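Asker: Attaching a predicted model along with its sequence, questions to come.
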Amino acid sequence: MIWNYCKESDKAAALEIAASIGKPLHYAQFLMGRGYRTRAEIKAFVAPELASLPLPESMPNMAKAVGAFMRARERNDTVAIAGDFDADGLTATAVLSRILRSLGYKVITSIPNRFSDGYGLSVKTVEGLKRMGAGLLVTVDCGVSDAEAVDAANALGLPVVVTDHHHIPPVLPSAEAVVNPHLGGGWERSPMAGVGVAFMLAWAVQRALKFKGICPATSKTLLVEHLALVAIGTIADLVPLTGVNRTLVRHGLRCLSKTSWPSLAALVSSSRLDDPNAVTVRDVGFSLAPKLNAAGRLGSADPALELLVTEDPLRAKILAESLDSINRYRYEGQKKLQATVMAKLEAEGGACGRTVVMAGEGWPRGLLGLAASRVAEEVRKPTVLLSLEGDLAMGSGRSAPGFNLFSALSRARELCLSMGGHSEAAGLKLKREKLQAFKEAFEEAAALQPEPPGEDELKIDLECALDDLQPLRKLVRELEPFGQGHPAPVAVVRNVSVTDAGPARSNGDKHLAFRVTDGLQSYSVMGFNMAPRLSEVAPAMDLALVYTGTNWGHRDPGWTLLDLKRPGESPCPWGDSWRAGENLRPAALELRDGAFAPVTPEGAAAVRERAGVAEGFDGAGAAADAADGSRPGAVGGGGR
């Protein structure tokens, strides 16, 4: 793995910002490296407020969508919500249905069955909802590529509002309104999940009703409470946690951590989290969302939706436990399918081209995306896996680093009966007879994209001494939540002594564990799925560690091993001026009245003279927190 160090920012500019916000220099440098270069930008990013959200009416076509809802209200029409069977689609359906009911609308919902209905909005679903009395149909997390189904609704006299976040096809469906961040207005800069778009629609309807004076007094609190569901769907769909998404998720995790809803309380309880009162992005991504996804992967997703909307604590507990069992079964099936695919790939001579496209008779459709993701990680190539059923091939694709999957698949669109998705993941259906032509077209499209790196790259944000990890952990908490678009910081510690290396005593000896010391401090370190690299461990190592904020055991610093090298194999281009003990000295602080305090603007020049050394990402953060009245961990990550 290549260690790719972030470009060192302008120290003078970073020092001015660090002084103005009362934080260590490398706190400012880290954020500047993420593109936040002014005090105002950093403040807005670190502590985004709900009041800073753009108004929902600024999203393209939102006014038209709200108009359709106001007409439905006047006619007392039933609103039908057509969602999707993944965690994003389920939370989007739950958010919109719960809020609309609270606003006085009559609502029915429909979630497709992956096996009998396929992806997206179908003509069969439209016809069924019309028979159930729908007067307005709204899609969430689907619809933008379902022009045929929208045309069928129009033919039945059923108006349609499409809300979706997937990439725009060449021709939009003929709906009353198509609400999608990719249509522009600045929303495309931080693409939202389907649940985020659904929340914006609900908010816009609430605002329109409030303007008319027919909105419940509790509607504002109602909107905020639903951010817990928005956070789950947004994290699950792996959209960038920047901009609007960061604001929604940051506040949503706080709501989730203190929820009194029977549904979410049961989901959290069944997941056995380390700290259910401080739910994290990792908790959602690895525990909560997989349970919601599991039902739709193996059968009907209706139990997952029922869980999200029920107010009955006993029913919620039963549903949550059922989803937990389904998810365990899903995990075993996923491992089996992945092993089958890898064995088949090896038998066919391995992954020789730029892409991997494999198909098998009756492969479980609901597990194809997960298996494709694991195969893509292992072979480092975009992967499409398809289930052969009769004369059809239906499947899912997952991307590889630096590869735009949707762009490549779009060049093979004419071979598909249906196709949709985004740069990282996609679903498709084609005739079995077109499979070979699809493989060739996908390979040709891949050749038009940049060559992948010969070795995985690991972006390094900073270097620090071993005894900086704990204080650094407290400071970095302020920058949560981390995720897509805003990954957790990666730090390198140099030339530490390693002892007691071996497989961890859990999970089938897959993980690597050892103790490290620099003579002053000693910690336990865990490397997930790194046990095969035990032979590389030497008495002295350089370690690349990623912030997790989670204690895996005694004397765990809250950082997890990502890679390791022999000392000197990957030298730092920044030099040695601020390593080891030197970085224990405060950087953007000065000594006043016997204590460290934030540097005043007048004192910045004096601090700059000292900036050649000791500009550490270190315990100075704690002093700065005390000086400005804040506490470590008060911002982000659900208030951890």
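Answerer: Everything's here; your move. Residues are numbered from 1 along each chain as shown.

Asker: Hmm, residue 11 and residue 28 touching each other?
Answerer: No. Judged on CB atoms under 8 Å, residue 28 makes no contact with residue 11 at a distance of 9.6 Å. To be clear about C-beta, it is placed using only N, CA and C from the backbone, and glycine gets the same treatment.

Asker: Compare neighbour counts for those two and give me the winner.
Answerer: Using other CB atoms under 10 Å as the criterion, residue 28 and residue 11 rank with residue 28 on top: 29 against 17.

Asker: Okay, and the more buried one sits in which element?
Answerer: helix 25-33 (DSSP states H and E).

Asker: what about stretch 407-416, how long is it end to end?
Answerer: By CA to CA, to the nearest Å, the extent of stretch 407-416 from end to end equals 14 Å.

Asker: since we're on residue 76, how many residues are nearby?
Answerer: So residue 76, with other CB under 10 Å, has 10 neighbours.

Asker: and if you look at residue 49?
Answerer: 10.

Asker: That one and residue 247 touch, don't they?
Answerer: Yes. If you go by CB under 8 Å, residue 49 and residue 247 touch, sitting 7.4 Å apart.

Asker: what is in contact with those two at once?
Answerer: The overlap between the contact sets of residue 49 and residue 247 (CB atoms under 8 Å, 6 or more residues apart in numbering) is empty.

Asker: Specify the next element, helix or strand, located C-terminal of the longest helix seen in the chain.
Answerer: Longest helix of the chain, by residue count under DSSP state H: helix 313-347. Toward the C-terminal end, the helix or strand that comes next after helix 313-347 (DSSP H and E) is strand 356-361.

Asker: ok, and for that next one, which residues are buried?
Answerer: For strand 356-361, a neighbour-count test (16 or more other CB atoms under 10 Å) marks 356-360 as buried.

Asker: Surely residue 560 forms part of a strand?
Answerer: Yes. Under DSSP: H, G, I helix; E, B strand; the rest coil, residue 560 falls within a strand.

Asker: how close does it get to residue 491?
Answerer: 11 Å (CB to CB, to the nearest Å).

Asker: which of those two has more neighbours?
Answerer: Shown here are residue 560 and residue 491; by other CB under 10 Å, residue 491 has more neighbours (24 against 20).

Asker: My guess is the more buried one contacts residue 465. True?
Answerer: No. Residue 491 is beyond contact range of residue 465, at 10.0 Å (criterion: CB under 8 Å).

Asker: Can you tell me which helices and strands the helix or strand harbouring residue 446 packs against?
Answerer: Element membership for residue 446 (DSSP H and E) is helix 435-447. Secondary-structure packing of helix 435-447 (3 or more CB pairs under 8 Å, 6 or more residues apart in numbering; DSSP states H and E): strand 356-361, helix 405-410.

Asker: quick one: contacts for residue 100?
Answerer: By CB under 8 Å, 6+ apart, the contact set of residue 100 is 79, 81, 107, 202, 205.

Asker: and the third one, what does it touch?
Answerer: Okay, so that is residue 107. Contact analysis of residue 107 by CB under 8 Å, 6+ apart lists 78-81, 97, 100-101.

Asker: Measure how far stretch 274-285 is from the centre of its chain, please.
Answerer: The chain centroid and the centroid of stretch 274-285 are separated by 13 Å under CA atoms, centre = their mean, to the nearest Å.

Asker: so how far does that stretch reach from one end to the other?
Answerer: 14 Å.

Asker: Give me the buried positions along it.
Answerer: For stretch 274-285, burial by neighbour count (16+ other CB under 10 Å) applies to 276, 278-285.

Asker: I'd like to know which of these is nearest to residue 53.
Answerer: residue 281 (19.5 Å; CB to CB).

Asker: wait, isn't the closest one in contact with residue 480?
Answerer: Yes. Between residue 281 and residue 480 there is a contact under CB under 8 Å: 7.4 Å.
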